[in-house]
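Peer 1: build the 3D model from these lines:
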Amino acid sequence: QVQLVESGGGLVQAGGSLRLSCAASGSISRINATGWYRQAPGKQRVLVASITSGDSTRYADGVKGRFTISRDNAKNRVDLQMNSLKPEDTAVYYCNAEIYTSSSPLVGIAYWGKGTLVTVSS
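Peer 2: Predicted coordinates:
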């Protein structure tokens, strides 16, 4: 059983910073691409940032220059450093990862965390 657990959300004033972490556990053989998504109230879940196993990164236009995604392969962890936060960044942030497990060594499976709430006050 694979689990993704996010942490680091909370309430912060506009202009502040937060660091989100996502830890993967279970029978993990390899983690391919990972990403952070967010879902604001009444809106669809959208990609915020992603990072491949080769450390190539992508960012949504609205967070470029403010957010940084990184991963620690030894710890099966991916972080999202969020700076200069804006009220429009308020959302539930979800971690996503394509994971190869001992029971599925040839086909990666997409796993999701349960999310962590980020609230940015103006």
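Peer 1: bridging residues for the residue nearest in space to the middle of the chain?
Peer 2: With distances taken as Cα atoms, centre = their mean, the residue of the chain nearest its centroid is residue 36 (2.8 Å). Note on residue 36: beta-bridge partners residue 49, residue 95, judged by DSSP bridges.
Peer 1: for residue 5, what are its contacts?
Peer 2: 22, 23, 25, 113, 114 (Cβ atoms under 8 Å, 6 or more residues apart in numbering). To be clear about C-beta, it is placed using only N, CA and C from the backbone, and glycine gets the same treatment.
Peer 1: over to residue 105?
Peer 2: Taking Cβ under 8 Å, 6+ apart, one finds residue 29 in contact with residue 105.
Peer 1: coming back round to it: list buried residues within the contacts of residue 5.
Peer 2: Among the contacts of residue 5, those buried by neighbour count (16 or more other Cβ atoms under 10 Å) are 22, 23, 113.
Peer 1: what is the nearest of those to residue 83?
Peer 2: When the buried ones among the contacts of residue 5 are ranked by distance to residue 83 (Cβ to Cβ), residue 22 comes first, at 18.1 Å.
Peer 1: beta-bridge partners for that closest one, please?
Peer 2: Under the criterion used here (DSSP bridges), residue 22 is bridged to residue 6, residue 78.
Peer 1: my guess is it meets residue 79, correct?
Peer 2: Yes - the criterion here is Cβ atoms under 8 Å, and residue 22 meets it with residue 79 at 7.4 Å.
Peer 1: where do the strands sit along this structure?
Peer 2: All strands of the chain, identified by DSSP state E, fall at 3-7, 10-13, 18-25, 28-39, 46-51, 57-59, 67-72, 77-82, 91-101, 109-112, 116-121.
Peer 1: dump the ones you listed to JSON lines, plus mean pLDDT.
Peer 2: Conversion of the strands of the chain to JSON lines gives the following (pLDDT from 0 to 100):
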{"stretch": "strand 3-7", "mean pLDDT": "97"}
{"stretch": "strand 10-13", "mean pLDDT": "98"}
{"stretch": "strand 18-25", "mean pLDDT": "97"}
{"stretch": "strand 28-39", "mean pLDDT": "96"}
{"stretch": "strand 46-51", "mean pLDDT": "98"}
{"stretch": "strand 57-59", "mean pLDDT": "98"}
{"stretch": "strand 67-72", "mean pLDDT": "97"}
{"stretch": "strand 77-82", "mean pLDDT": "98"}
{"stretch": "strand 91-101", "mean pLDDT": "97"}
{"stretch": "strand 109-112", "mean pLDDT": "96"}
{"stretch": "strand 116-121", "mean pLDDT": "98"}
